[in-house]
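S.K.: predicted model and sequence follow; I will ask about them next.
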Amino acid sequence: MTARHGGDTAIAEIRRHGVETMFTLSGGHVFPLYDGAIGATGGRTGTVPGTDACPRILDVRHEQTAVFAAEATARLTRRTGLAVLTAGPGVTNGISGVTTAHFNGSPVVVLGGRAPLGRWGAGALQELDQPPLLAPVTKLAMTAGGPDTLAADIARAFATAAAPHRGPVFLDVHMDHLFGPAGPARTGALPDPPERPADPERLARVAGLLKAARRPVLVLGSDVWMDGAEEAARAFAEELRLPVVANGQGRGILPAGHELLVTRARGAAFGQADLVIVAGTPLDFRLGYGAFGDGTAKVVHLADAPSQLVPHLRPAGSAAGDLSLLFTDLTAACVKAGVAPGTYGDWRETLRDATYAAIAGDIDLLASGADPIHPLRIYGELSKVLDDDAVLIGDGGDFVSYAGKYVEPRRPGRWLDPGPYGCLGTGLGYAIAARLAHPAAQVVLLLGDGAAGLSLMDADTLVRHGLPVVMVVGNNGSWGLEKHPMRMLYGYDVAAELGPHRRYDEVVKALGGAGELVTRPDEIGPALRRAFDSGVPYLVNVATDPGISYPRKTTGV
């Protein structure tokens, strides 16, 4: 098809980068991008991704959902996600999603509309200089130079987002450049990424630390998955017989039940370790800022790029590079150094026993018959109906914290939560992306009732686009993550009540899906089975005990 306008040029470049879905909310500033996509699909939207009829246009009800869906696409498929936002409020509505992608290291390109250059400064509709707003939370935020550079600017955006350490890029395009005559398109294959070997001397240093250690622990974080290093990481752990604690999207690299997986014993592991190797995640509040063994344990930090190595402490060892190569080369370095996995045998047994004890200690609560419902009973019932390839998504505070502790994925790349930025409202966007990325798998969205209020209208998007998802709301009628700490601090709480038994299931029904309210523990299992069998977006609204709070040990500060 002959290019007619700037939207055609942009879509040609987007297709060259293999984008299958454009997440968006309709806006006049970006109409040519839709027109270009329709031209590429023979005049039809919503076509099957993975063919010449790409990209699919998937429109949502709030711009934050578009960016969250693009970010989840990146995290699930390890390919750059795309969101298209109209100018002004369309862009500002998406900033929380961009910031979440920034903290998660997710490769996302956000194309924004921009008031026309020919009217710039005259007060055109939604005229706003947007890149300065996005610059602090992106790898690159810029305005396309014009029709002649549009394809190259988009190519730069995609290349920048995908280069480790990955992250979001914002590019806005003047309206008159999109509607105006097309500029030149680019052709040819994308270049291969450069090699990123780790420094052999640094790896030898880490191997020496492992040789001297008696109580080592390996932490696998999200970037291990994002860098495609899950197989190399598992092989390294199994070769060295290292106890493993999974963090973020590192969950599932060692499947539930693996003999080396000691996430349930992380308190003992971190408290008694003499060496902690942290791979693919920052040493932030989730990991006690890197203070293990009462501050006496040595720390090693492994990252996908030098920029990600810990800035606030001096580790005993560190290395950065392609994490697959890093784990493979570190294994070889350990063999050369004479690291003996048998040295850690007693330590492994200690942590394995602690793991089994923690699991055994959960049995009563997971089967609790308490009325009101204990939130753990939901997870006890859910575990009975989950397939091995299920995608699990958490969006909430206390209720979802239980999922992070008690639900262990069986495969890598099947867990999503908001990440260290802790932004609620990710859930529906993540669920949309998960259903597209894994059309045959169970997709389960776990929502706190507070978080549900931030994105539940996008159940309409699930319905309109035929995307069945099982949503489970832990409905305790409050912002539990705030209510209980505030009562502990002040003896009272304020601005934390949501009202009991609110009918979130009726919201989904009104939007064309299905759902039900559950008030007794014996109703949970049958409701979940009905939800999975329904083939439609289905919300199981479980009224839980408002007096129960998650027993957290960190506030994140």
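M.R.: That came through, no problem.
S.K.: quick one: pLDDT of the nearest residue to residue 176 once chain neighbours are set aside?
M.R.: The shortest distance from residue 176 to any non-neighbouring residue, by Cβ to Cβ, 6 or more residues apart in numbering, is to residue 116 (4.0 Å). C-beta: built from backbone N, CA, C; applies to glycine. pLDDT for residue 116: 96.
S.K.: okay, residue 116 and residue 9: tell me how far apart.
M.R.: 17 Å (Cβ to Cβ, to the nearest Å).
S.K.: also residue 399?
M.R.: Counting by Cβ to Cβ - residue 399 and residue 9 are separated by 46 Å.
S.K.: try residue 455
M.R.: The gap separating residue 455 from residue 9 is 33 Å, by Cβ to Cβ.
S.K.: cool, residue 113 as well?
M.R.: Residue 113 sits 15 Å away from residue 9, going by Cβ to Cβ.
S.K.: just residue 197 next, same as before
M.R.: Relative to residue 9, residue 197 is positioned 37 Å away (Cβ to Cβ).
S.K.: neighbour count: those two, which is higher?
M.R.: residue 9 (26 against 12; other Cβ atoms under 10 Å).
S.K.: need the CA coordinates for the helix or strand where the more buried one lies. CSV is fine.
M.R.: Secondary structure assignment for residue 9, by DSSP states H and E: helix 6-16. C-alpha atoms of helix 6-16 as CSV (Å, rounded to 0.1, in the frame of the first residue of the first chain):
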residue,chain,number,x,y,z
GLY,A,6,2.5,10.2,8.5
GLY,A,7,0.4,7.5,10.2
ASP,A,8,1.2,5.1,7.4
THR,A,9,4.9,5.8,7.8
ALA,A,10,4.7,5.3,11.6
ILE,A,11,2.7,2.0,11.3
ALA,A,12,5.2,0.6,8.7
GLU,A,13,7.9,1.1,11.3
ILE,A,14,5.9,-0.3,14.1
ARG,A,15,5.2,-3.4,12.1
ARG,A,16,8.9,-3.7,11.3
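S.K.: what is it packed up against?
M.R.: helix 31-40, helix 150-162, helix 175-179 (3 or more Cβ pairs under 8 Å, 6 or more residues apart in numbering; DSSP states H and E).
S.K.: tell me what angle that helix forms with helix 150-162.
M.R.: Going by axes from the mean of the first three to the mean of the last three Cα atoms, to 10 degrees, helix 6-16 is angled at 40 degrees with respect to helix 150-162.
S.K.: mind checking what helix or strand follows helix 6-16 in sequence?
M.R.: strand 21-24.
S.K.: list the buried residues in the longest helix seen in the chain.
M.R.: For the chain, the helix with the greatest residue count under DSSP state H is helix 345-366. For helix 345-366, burial by neighbour count (16 or more other Cβ atoms under 10 Å) applies to 347-348, 350-352, 354-355, 358, 365-366.
S.K.: same thing with stretch 133-147?
M.R.: Neighbour-count burial for stretch 133-147, counted by 16+ other Cβ under 10 Å, picks out 133-134, 137-144, 146-147.
S.K.: check stretch 308-328 too.
M.R.: For stretch 308-328, by 16+ other Cβ under 10 Å, it's 308, 310, 315-328.
S.K.: for it, what is the distance to the chain centroid?
M.R.: In this view, stretch 308-328 has its centroid 22 Å away from the chain centroid, taken as Cα atoms, centre = their mean, to the nearest Å.
S.K.: burial of the nearest residue to residue 6 once chain neighbours are set aside, as a residue count?
M.R.: Spatial nearest neighbour of residue 6, chain neighbours left out: residue 178 (4.2 Å); criterion: Cβ to Cβ, 6+ apart. Neighbour count of residue 178, defined by other Cβ under 10 Å: 28.
S.K.: swap in residue 163?
M.R.: Using other Cβ under 10 Å, residue 163 has 15 neighbouring residues.
S.K.: for residue 338, same thing?
M.R.: 9.
S.K.: now it: how far from residue 213?
M.R.: Computed as Cβ to Cβ, the residue 338 to residue 213 distance reads 13 Å.
S.K.: could you do residue 373 as well?
M.R.: 44 Å.
S.K.: neighbour count for the two, which is higher?
M.R.: Ranked by neighbour count (other Cβ under 10 Å), residue 373 and residue 213 place residue 373 first, with 25 against 22.
S.K.: next up, the contacts around that one.
M.R.: Listed by Cβ atoms under 8 Å, 6 or more residues apart in numbering, the contact set of residue 373 reads 518-521, 524, 542-545.
S.K.: okay, and which of those map to strands?
M.R.: 518, 542-543 (DSSP state E).
S.K.: dump these to JSON lines, plus neighbour count.
M.R.: Shown next, in JSON lines, are these (neighbours: other Cβ atoms under 10 Å):
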{"residue": "518", "neighbour count": "25"}
{"residue": "542", "neighbour count": "28"}
{"residue": "543", "neighbour count": "21"}
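S.K.: make TSV out of those and add distance to residue 529.
M.R.: Below are those laid out as TSV (distance: Cβ to Cβ, whole Å):
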residue	distance to residue 529
518	12
542	14
543	19
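S.K.: list just the nearest of those to residue 95.
M.R.: Within these, the smallest distance to residue 95 is 32.3 Å, found for residue 542 (Cβ to Cβ).
S.K.: ignoring the adjacent residues along the chain, who's closest to that closest one?
M.R.: Using Cβ to Cβ, 6+ apart and skipping the chain neighbours, the partner closest in space to residue 542 is residue 518 (4.6 Å).
S.K.: pull the contacting residues for the residue most central in space within the chain.
M.R.: For the chain, the residue nearest the mean C-alpha position is residue 416 (4.5 Å; Cα atoms, centre = their mean). Applying Cβ under 8 Å, 6+ apart, we find residue 416 in contact with 72, 75-76, 249, 391-394, 426, 430, 434.
S.K.: residue 534 now?
M.R.: Each residue near residue 534 by Cβ under 8 Å, 6+ apart is listed here: 468, 514.
S.K.: residue boundaries of the strands in the stretch 451-557 of the chain?
M.R.: With DSSP state E, counting those that start in this stretch as the criterion, the stretch 451-557 of the chain has strands at 470-475, 514-518, 538-543.
S.K.: great, nothing more from me.
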